[in-house]
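A.B. asks: from the sequence below, what's the structure:
(2 chains)
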Amino acid sequence: MPRPQPKTTISCRLLFFRSCANISKSSEGEMDDSFQRASLYPTTLLVPGLPANCPLLASWSGPQRLVLFPRPTEGARQWAGLAQVSWDAAQWNSITRRLANQSHGYFLSLHEAGREGEGQSLQGSDILLYSRYFRSALHECVLGLRGRGSSSWEHERQAQVFSTMALVWHLVEILFIEVLPAGCLVKQLVEWVTWAGQERDKKRLKEILGHTPPDSHHGYWRMVYRLVLTGRLSEARNLLAHHSAFSAREDVSHNCSRVWTSCWGRLRWSDPPPPSPEESSNGWQQWRREVTARREAGAFLSLRQLQLLSRCAFVNTHLFPQVLSGEEEVFSEPEIVGSCESWYELMVARVLFTTPLVMSSDYDLVYSAEAAMKTFGVVSPEPLDSLLLAALKHSPLEVVYGAKLAEFLIIEYASSLLAHPSLWQVAMDYLSECPTQGRHHMVLHLERIPLTSARKAAKVLQLCRKFQLKELEESVCRVMAMKELRSGRLGAAFSWCLQSQDSVFAAFLAERYFTSYQTLGEFMDLDLLDNLGAAMLISKKLTFLGKYREFHQLFADGEFRPAGQLLVSLLTSGVVPKRFWLTLLMDSLPLLNLKDEIVFSSEDTVALSHCLQQLTSSHSRIDQSQSTSKSHDSEKAPPPDQSSKLSLLRVALCRNLALATLQEAELS
Amino acid sequence: MEGDQPSSMFEAKPINTDHKDLIHDVSYDFYGRRMATCSSDQSVKVWDIGEDGQWRCTSTWKTHSGSVWRVTWAHPEFGQVLATCSFDRTVGVWEEQIGDQKSEAHWVKRTSLVDSRTAVNDVKFAPRHLGLQLASCSTDGQLRIYEAPDVMNLTQWSLNHVLSCRPGTSCLSWNPSTVHSPMIVVGTDDPSTSAATQLLIFGYSEETRKWQKIHSIVGIVYEPVHDVAFAPNLGRSYHVLAVASKDVDIIHLVPSGTDAYHGTKLDVRHPAHFDHQGAQVWRVAWNVTGTNPRLIGRRWLCATLER
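C.D. replies: Here you go, the predicted model:
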């Protein structure tokens, strides 16, 4: 009866240490490993049922899996159990796996395209295309994760990660991949900032418009500000037009919209096709002058409607013209700041109205970013903030570390893919693109892929051949061959061995095969032997086996002469180990005893006799040694029936020699 | 203070083994789909993972007449083979026989290596490329290296080399590198002598066809060594070793030519040391690519008793 386990839930600390390839010290030409306590771990985890305060041991059980076993030195000796610990198990669910497969496809296509280009760098349009595919795949993944009926904490966390990833990638695409002339960048930035929040904004707008009157909704003015700040002036105008103060009077709304239209209509510096830098610069300056002029002329103030608004809603409507004319101070106003969801929205708004002709390499961007962060009150930047800022600054990270960092990251990613059994081939493709370390990792991981079926083994072999991993190919074939051998399927074992052209193992199997023939008296798996073809040549023993089978076939077909010649050549070639000689010699017996034909010439007969002589003398030597010593060696004295076989052979050979000599004498 | 991950990222699942006494070792086969556990109840259990991810015990049998300290799998190229070492001074080699039905697999003793006069504390198979070889270390400080020349005949093992270390050898590890000549590290946990050499490196020379001591690691580890492990090579020119004693040490061994006896000379570097604040570290194990050693010690943050 099993002893009762103590019912305690224990927290224990696991300590992991990661090697962080110290990429900057590349003086040795190798990645210098330095180990640090990994920042992700240690963790406190609850392990049910382990006894407290005793040594704890562990073993790796697979990628991201461990097994713990306590070894109490005193007390609690009766506990003898294990605890299996796994982490990030839910990392690769069906949705994220889809993303992994899709991005894998894009990765491969990009590299294919790069190779086809033959040294030319990849076309910018190609990269852009795949960048956009990737972003849409990310978006799809996020939707999938959030769209599930019961969205667990884990899914939400993953969705967060991927949507952040999409945000950063989009910015990188804008800044580095799709580099358009002046004036277009800002439009892209606007698009970037609004893209993420599109759904949410639409919903809010709908909600606001659903209210009657819309301006009574608490979020009305914030929305208006948002629309202006993100350059959606026409929408802002529409929303304003819905204000209750306007609906009453047609002419008022008409005037209002005229002013707006004229302002917006002149905002030509960002319309496609992008005009030359001078034109856009001129266009923008002109627009700005006009807005400022109108503002100073009190055009905005003269809109009694807006005055009305400001009285009703205590809203600072004179902010609008300030925004439009790009005055920097306005971007610190609380209402403006308050209507932005994040500091980068504020930054883009600032850039849109103050320096819309900015290029990705201009410092203006960074300046705006930092100012926005400060205004927004970002004291300790989150990883996302640092990342965005680094991208804007064209951080030298990529410039200096370049390929090494990329390789390190790819290897890390590939290793994480291996946590899920269905993603191993994807991981291998990624590893194959890492020039320095990829191959080593590939071999180490590939040899650990469980060969659960012939099909899986075939896939592994295919990869081995593709990347010329000859040793691994042989090893995999040997493992599979051993499995077959243990189940007694010699033929199947052979076929695995031949796949990798493994001569050592082939020799070993050939011997085994022959031994089984000797015991059983017949060949197993004849198909294999018959169809060896050129594969025979990979090992001498295998060649012998093939030829031996050929001998039997010739005999069966009645071709005695060729059969006999073959037999003699086999015995004299030295390919056959001595312990099989008797069998072959016995095979010659029926040929020797043929009534009608003399198969063996006198020379052949002499050769055969010689072999026989060697056999008998070696047996007699063993006889002698056995009588003098008491050791049990593997070679035993010939049993009585063997001696009779030998004498039969002697008689037959003598007879044949006589007949052959006579025949030859007659012929000459 | 390191940030702790929320524990829901980790899953812990108990496995009830039905061993009657302490478990001393758990070892996984090459692919991580079979597990062997050995215990003070003198038996070994072999487990297979099912489609549902649950471990099921497929074999259990008595292996020794004393506590079984370690169990280890051979490379699958040699079939399904286990080696065990025990307090009863012997090393056992076991092979799985498949019966007529798959479920009838049972394990058969192929040989018992009885050369040691004291308890055998660790047994490890050599890396695949060295053929079917086995190293064992005993309490009296002897390191023995055996070989099975015919991989299909596991009953024949020849004791090729016996090497003397300091008494109290507790653990050993083969260097898995395929591009360097064979190397073994041996650790001792004998606290009686205060010498600062708890680690010895042995190397095999092709010229002399002999194993010899090529290095004593001095001045790094002063405490009894409970476990050692070479990391996978990954194309490095030097070797990486993890040592579990009172703390954890990572040691680099850099080859620097050969000495008069054709042994490799090694320069020792000590790039990392992790203090465990008084707790002993019992095990150290590398993951597949050798980037992530896993150390376990007597570290319990808090114990919450729930009845």
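A.B. asks: wait, does stretch A:507-518 contact chain B?
C.D. replies: Yes. Remark: stretch A:507-518 sits within contact range of chain B at A:508, A:512, by Cβ under 8 Å from any Cβ of the partner chain. Heads up, the C-betas are built off the backbone N, CA and C, glycines and all.
A.B. asks: in that stretch, what's buried?
C.D. replies: A:507-514, A:516-517 (16 or more other Cβ atoms under 10 Å in any protein chain shown).
A.B. asks: cool, and stretch A:206-220?
C.D. replies: By 16+ other Cβ under 10 Å, the buried positions in stretch A:206-220 come out as A:208, A:214-215, A:217, A:220.
A.B. asks: repeat that for stretch A:438-451.
C.D. replies: Buried residues in stretch A:438-451, counted by 16+ other Cβ under 10 Å: A:438-451.
A.B. asks: show me where pLDDT drops low in the stretch 451-600 of chain A?
C.D. replies: Residues of the stretch 451-600 of chain A meeting the criterion pLDDT under 70: A:525.
A.B. asks: how about the residues of it near chain B?
C.D. replies: Proximity of the stretch 451-600 of chain A to chain B is confined to A:451-452, A:471, A:475, A:478-479, A:482, A:486-487, A:508, A:512 under the rule Cβ under 8 Å from any Cβ.
A.B. asks: counting neighbours, which of those residues comes out on top?
C.D. replies: Compared across these, residue A:478 has the highest neighbour count, 25 neighbours, by other Cβ atoms under 10 Å in any protein chain shown.
A.B. asks: what does the stretch 51-200 of chain A put close to chain B?
C.D. replies: Applying Cβ under 8 Å from any Cβ, we find that the stretch 51-200 of chain A lies next to chain B at A:52-63, A:65-69, A:71-72, A:77, A:80-89, A:153-154.
A.B. asks: so where do the strands sit in the stretch 51-200 of chain A?
C.D. replies: Using DSSP state E, counting those that start in this stretch, the strands of the stretch 51-200 of chain A run over A:56-62, A:65-70, A:81-87.
A.B. asks: low-confidence stretches in chain B?
C.D. replies: B:1-10, B:99-104, B:192-197, B:261, B:276-278, B:290-307.
A.B. asks: ok, residue B:135 to residue B:230 distance?
C.D. replies: 12 Å (Cβ to Cβ, to the nearest Å).
A.B. asks: give me the common contacts of the two.
C.D. replies: residue B:174 (Cβ atoms under 8 Å, 6 or more residues apart in numbering or on different chains).
A.B. asks: looking at these two, which is more packed in?
C.D. replies: Between residue B:135 and residue B:230, counting by other Cβ under 10 Å, residue B:135 is the more crowded of the two (25 against 21).
A.B. asks: who does that one form a beta bridge with?
C.D. replies: residue B:124, residue B:145 (DSSP bridges).
A.B. asks: re the thing from before, tell me which of the buried residues of stretch A:206-220 is nearest to residue A:492?
C.D. replies: Taking Cβ to Cβ as the measure, residue A:492 sits nearest to residue A:208 out of the buried residues of stretch A:206-220, at 72.8 Å.
A.B. asks: helix or strand: which one has that closest one?
C.D. replies: Residue A:208 belongs to helix A:198-210 when assigned by DSSP states H and E.
A.B. asks: the next helix-or-strand element following that helix - what's its average pLDDT?
C.D. replies: As assigned by DSSP H and E, the chain's next helix or strand after helix A:198-210 is helix A:220-229. For helix A:220-229, mean pLDDT is 78.
A.B. asks: what residues of helix A:220-229 count as buried?
C.D. replies: A:220-229.
A.B. asks: what's the answer for stretch B:116-126, then?
C.D. replies: Neighbour counts using 16+ other Cβ under 10 Å place B:116, B:119-126 of stretch B:116-126 among the buried residues.
A.B. asks: isn't residue A:649 up against residue A:613?
C.D. replies: No. Using Cβ atoms under 8 Å, residue A:649 makes no contact with residue A:613, being 10.6 Å away.
A.B. asks: how about the buried residues of helix A:220-229 in TSV, adding distance to residue A:581?
C.D. replies: Putting the buried residues of helix A:220-229 into TSV (distance: Cβ to Cβ, whole Å) gives the following:
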residue	distance to residue A:581
A:220	104
A:221	105
A:222	100
A:223	99
A:224	103
A:225	101
A:226	96
A:227	98
A:228	101
A:229	97
